[in-house]
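> Below are the sequence and a predicted model; questions follow.
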Amino acid sequence: ISTRSVLSIHNLQQHSAVFTKLLLHPAMLDSLEDLMQGSVVLHHTKAHLKPPKDGAPFPTHQDYHYFPYKKHSMLAVFIHLDDTDPENGGLGVFPGSHKQGPQTEASNTVGVHYLDQEQWPLSSAIPVHAKAGDVLVFSYLLVHGSYPNI
């Protein structure tokens, strides 16, 4: 049994008005409306916290498998609350993988979604180096995962 962990907080806007203000910031909404070429609907919010030295990695996956949408119109919007890199549990991505459409799921566990880790090894992903306040937007079809917080 792994002793590594990832702590998650869902519906951040219900915990603090700071997050509501961030979600409704005109610059954020305008940018997302431009990307979506129309209106934007919030699906959910959450924060992942990885404790130092035991923050677990998350295997490569597509968010598509958690909530498939017609026309694949869902975007993920990562707002970095801290500086992130591969050493502190940051994100790794496969640029252009969204153009390949939905990939076959490898998980056999209901509610747990990940791809074939030999085909999509996190070690081959491009690490995202971000500063606190940076915003990363990508298609829910993009193959991505996260590194452990070492």
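Yep, that arrived. Residues are numbered from 1 along each chain as shown.
> C-alpha only now, for contacts and for neighbours.
Will do.
> now the helices for the chain?
Secondary structure of the chain (DSSP state H): helices at 17-23, 26-36.
> can you put those helices in a markdown table and add distance to residue 89, mean neighbour count and mean pLDDT?
Listed next are those as a markdown table, based on distance: least, Cα to Cα, whole Å; neighbours: other Cα atoms under 10 Å; pLDDT from 0 to 100:
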| stretch | distance to residue 89 | mean neighbour count | mean pLDDT |
| --- | --- | --- | --- |
| helix 17-23 | 22 | 13 | 94 |
| helix 26-36 | 25 | 13 | 95 |
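> In TSV: these, plus distance to residue 62.
Output for the helices of the chain, formatted as TSV (distance: least, Cα to Cα, whole Å):
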stretch	distance to residue 62
helix 17-23	23
helix 26-36	19
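> Go through the ones you listed and name the closest to residue 80.
helix 17-23 (12.0 Å; Cα to Cα).
> Can you show me the CA trace of stretch 52-60 as PDB?
What follows is stretch 52-60, C-alpha atoms only, in PDB (Å, rounded to 0.1, in the frame of the first residue of the first chain):
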ATOM      1  CA  PRO A  52       6.300  17.500   0.300                       C
ATOM      2  CA  LYS A  53       8.200  14.200   0.000                       C
ATOM      3  CA  ASP A  54       5.000  12.100  -0.200                       C
ATOM      4  CA  GLY A  55       2.800  13.800  -2.900                       C
ATOM      5  CA  ALA A  56       1.900  11.000  -5.300                       C
ATOM      6  CA  PRO A  57       2.300  11.100  -9.000                       C
ATOM      7  CA  PHE A  58      -0.900  10.800 -11.200                       C
ATOM      8  CA  PRO A  59      -0.600   8.500 -14.200                       C
ATOM      9  CA  THR A  60      -1.000   9.900 -17.700                       C
END
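> which residues of this protein score low on pLDDT?
Where the chain drops to pLDDT under 70, the residues are 1-4.
> Many thanks, we can stop here.
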